[in-house]
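> here's my sequence, what's the structure:
(one chain, ligands or ions: 1)
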Amino acid sequence: MAMFDLNETQKQLFDMAKDFANKEVWPKAKELDETAKFPLDLLKKTHELGMLNAFVPEEVGGLGLGTFDHCLISEALAMGSAGFCTAALANDLAAVPVILSENKVVWKEFLAPMVNECLMASYCVTEPGAGSDVAGIKTTAKKVKDKYVINGSKMWITNANYASWFFVLAKTDTKAGHKGMTGFIVPAKTPGVTVGKKEENMGQRCSDTRAVTFDNVEVPEKYLLGKEGDGFKLAMGAFDRTRPAVAAEAVGLAQRAMMCAIDYAKHRSAFGKPIGDNQGVGFIIAEMARDIEASRLLVWKSACEVDAGRKNTYYASIAKMFAADACMRITTDAVQIFGGYGYNKEYPVEMLMRDAKIFQIYEGTSQIQRMIVSRTLLGN
Ligand SMILES: Cc1cc2nc3c(=O)[nH]c(=O)nc-3n(C[C@H](O)[C@H](O)[C@H](O)COP(=O)(O)OP(=O)(O)OC[C@H]3O[C@@H](n4cnc5c(N)ncnc54)[C@H](O)[C@@H]3O)c2cc1C
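Sure, this is the predicted structure:
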């Protein structure tokens, strides 16, 4: 029989995360948006509560949390602030390829310290000239004796200025397409690494996004993940675990937008009655609830598949595209329910609408998710 109930531990985890998001994060969301200040204090508290870097394997002292539990945390944290949640999730995005590589030397050196300390990390794949088309990256890693020398530029790297290390995808064989790509760990302080200015983004403004350049950056051979040519598989394989979490983040943000819309619809009067008493407004809210429930079930399905050890790329793409598109629709509708006030910065929903847009872009655009799903179904 299929079960939709959380067990007691999961309920406690979800409740603790929601409580933290509601009491400590949501009251600061507006300020984080206005100042675009990186939420280091909140991330430290998240770490103290055991909800940051919780994916670190038990073998090196971590909680080794599964994707399902991780999605519960993501949904809850995003109810507080999506930008803050993205900063937390970027750590997972950086770490999953490392976990998949099974390089235990690197686990000990880079993942283990994340258990006791609130350390951040970044996933460096996208470049100025290549995002969706990952095989089009230009960064190279050349073997020189027992080292690799990395050269190239990465763009839109989340957490870049706060990361203690980077997962970097580079080409060790420029003629072999995606089979010539290799993943490396690069400590952020390595000579030749330069982090650019903070990008001024439309939404999720407290999340830190920057360019990172690698100019003759030398890394020891032991920082190679897997073997030469494994990089594309590791970088893309990470999405099977992180796309469900990003979709869960979209659910949390959509949930917050619906809560704001319901509250407003109950208290704002027009024509002598609360606007929510009009079917035209009530139906918008009903459709918000429908899409949130459906998104959450898709998140849970995609997370359960990967936790059960099954290939979930198809479900992860379905969950991400559905939840991202639903979140964009729901936050736009929340602005509509607020009327003129929705368009104004004094009220929270315009921020939620701006925050939602990135879900249709990062970790594979909504078009790329459709491409993955259609190719799976059509068999090409
Ligand atoms: C705030 C933010 C944070 C990010 N964080 C990270 C990070 O931490 N690490 C990282 O590596 N990257 C990160 N990214 C990069 C992000 O993943 C890319 O922006 C995204 O994958 C799209 O790539 P692109 O911007 O080059 O767009 P392009 O690939 O140039 O695409 C442009 C448009 O064309 C469409 N398109 C492209 N190819 C196809 C196709 N075959 N069929 C149909 N449509 C297509 C796309 O869907 C899109 O609408 C981040 C981006 C942002 C904005």
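> isn't Gly80 up against Leu32?
No: Gly80 is beyond contact range of Leu32, at 9.5 Å (criterion: Cβ atoms under 8 Å). (C-beta placed from N, C-alpha, C; glycine too.)
> and Glu363, what's its pLDDT?
On pLDDT, Glu363 comes in at 97.
> which residues touch it?
Taking Cβ atoms under 8 Å, 6 or more residues apart in numbering, we find Glu363 in contact with 93, 239, 242-243, 246, 320.
> chain center to the helix or strand harbouring Ala265, what's the gap?
Assessed by DSSP states H and E, Ala265 sits inside helix 239-267. With Cα atoms, centre = their mean, to the nearest Å as the basis, helix 239-267 stands 14 Å off its chain's centre.
> ok, Gly80 and Leu32, which is more surrounded?
Gly80 (28 against 23; other Cβ atoms under 10 Å).
> how much space between the more buried one and Lys147?
Distance, Gly80 to Lys147, using Cβ to Cβ, to the nearest Å: 43 Å.
> cool, Asn103 as well?
For Asn103, the distance to Lys147 - Cβ to Cβ - is 16 Å.
> got it, and Leu52?
Taking Cβ to Cβ, one finds Leu52 at 32 Å from Lys147.
> more crowded one of the two?
Neighbours per residue, other Cβ under 10 Å: of Leu52 and Lys147, the larger number sits with Leu52, 25 against 15.
> need the contact list for the more buried one.
43, 46, 88, 91, 118.
> report pLDDT for it.
96.
> give me the three-state assignment for it.
coil (DSSP: H, G, I helix; E, B strand; the rest coil).
> got phi/psi on it?
phi -110, psi 140 (degrees, to the nearest 10).
> apart from its chain neighbours, what residue comes closest to Gly152?
Residue nearest to Gly152 in three dimensions, not counting chain neighbours: Thr139, with 2.6 Å by Cβ to Cβ, 6 or more residues apart in numbering.
> who are the neighbours in contact with the one you found?
127, 150-154, 168-171, 214.
> likewise Lys138?
Contacts of Lys138 (Cβ under 8 Å, 6+ apart): 127, 129-130, 152-153, 171.
> and which of those is nearest the ligand?
Ala130 (6.3 Å; Cβ to the nearest ligand atom).
> do I have it right that that closest one meets Gly136?
Yes: judged on Cβ under 8 Å, Ala130 makes contact with Gly136 at a distance of 3.7 Å.
> so which of these two has more stuff around it?
Taking other Cβ under 10 Å, Ala130 and Gly136 do not tie; Ala130 has more neighbours (15 against 12).
> for that one, grab phi and psi.
When quoted as degrees, to the nearest 10, the phi and psi of Ala130 stand at phi -150, psi 120.
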